[in-house]
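Colleague: kindly generate the corresponding structure for this input.
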Amino acid sequence: MYDPAASAKTLKPIWNVDEGWALFAGPLSFNAAHQHSVPVYIAGLYEPFRLRIENRPWSICRAAVIPAGMTYALDIGGNPLAVLYLEPSMAGVDALRPLIRSADDVAGCSVGKGNGTPLLRELYEDKSAMSWASEAMDSLISFAKPRAVREFDARITRVIQRVSRRYDDPRPIDDIARSVGLSTSRFQHVFAREVGVSYQRYRCWHRLRAAIREVSKGANLTSAAQATGFYDQAHFAHHFRKAFGAPASPTLLQLRK
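Modeller: Numbering: from 1, shown residues only. Purely as a prediction, here's the structure:
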């Protein structure tokens, strides 16, 4: 008997990094406790997965929305999983919550047992998905974005937009704060309140995004790391594991082009 989940495990993973979002889809085993710098929507494409939020007990779910800065771990058992990373320049975490029906609130996260978004499974199964992934994700986000319930502080929005364009901005944080009319300490407080993580961590996330984009275009890990300001591949691997709770190689070395 044909088993679509078993067949799907043979597909190469997808990483698609766009201006306002990033998408991963592929088999994963275990991601240790980690934090993201942006809110994420997670969906088990064929099977439920185990989720642990902060130090709470493990739970079993099919989809979840995790705010930026929230510590969580995943046990996927080698099954395909999709993760949508939404940039705060697009919308906040509340824009992702409508993607889960009948969700429970767990420490500010939305956790559901129903099937994830069918579009993500369709993307993963289509070997030509990279040709239409951007259009599909833009459509999905356009559906979700009006449902965001709060707007970001305009001063932080300006900084976020600049980081998205210039993650390698050499200016010290004092100058960044001054450019939006804040003291350094006040800027750090407001940025963390609005985004969920520190300015430095968010900037590092954009460096990681840029490196992942380089790999998705065909660069090897060493050249991608060097092109995006990491000292070397080991430095990139350290920050990747810190951000994702798992090593870079399994998801980046066999990417679907």
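Colleague: tell me where this protein has helices.
Modeller: Along the chain, the stretches classed as helices by DSSP state H are 4-8, 118-125, 133-144, 154-165, 173-179, 184-195, 199-216, 221-227, 233-244, 249-252.
Colleague: redo those helices as CSV? Include mean pLDDT.
Modeller: Shown next, in CSV, are those (pLDDT from 0 to 100):
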stretch, mean pLDDT
helix 4-8, 59
helix 118-125, 92
helix 133-144, 84
helix 154-165, 92
helix 173-179, 95
helix 184-195, 96
helix 199-216, 95
helix 221-227, 95
helix 233-244, 95
helix 249-252, 89
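Colleague: so which of the ones you listed gets nearest residue 60?
Modeller: helix 4-8 (16.1 Å; C-beta to C-beta). Glycine gets a C-beta too; all of them are placed from N, C-alpha and C.
Colleague: thinking again about what came up before, closest one to residue 77 among the helices of the chain?
Modeller: Comparing these against residue 77 with C-beta to C-beta, the closest turns out to be helix 4-8 (10.9 Å).
Colleague: out of the helices of the chain, deepest packed?
Modeller: Of all the helices of the chain, helix 199-216 has the most neighbours on average by mean count of other C-beta atoms under 10 Å, namely a mean of 20.
Colleague: what sits closest to residue 65 if chain neighbours are left out?
Modeller: residue 110 (4.1 Å; C-beta to C-beta, 6 or more residues apart in numbering).
Colleague: tell me what the one you found is bridged to.
Modeller: Bridge pairing for residue 110 (DSSP bridges) gives the partners residue 65, residue 105.
Colleague: grab the most central residue of the chain for me.
Modeller: Residue closest to the average C-alpha location in the chain (C-alpha atoms, centre = their mean): residue 85, at 3.1 Å.
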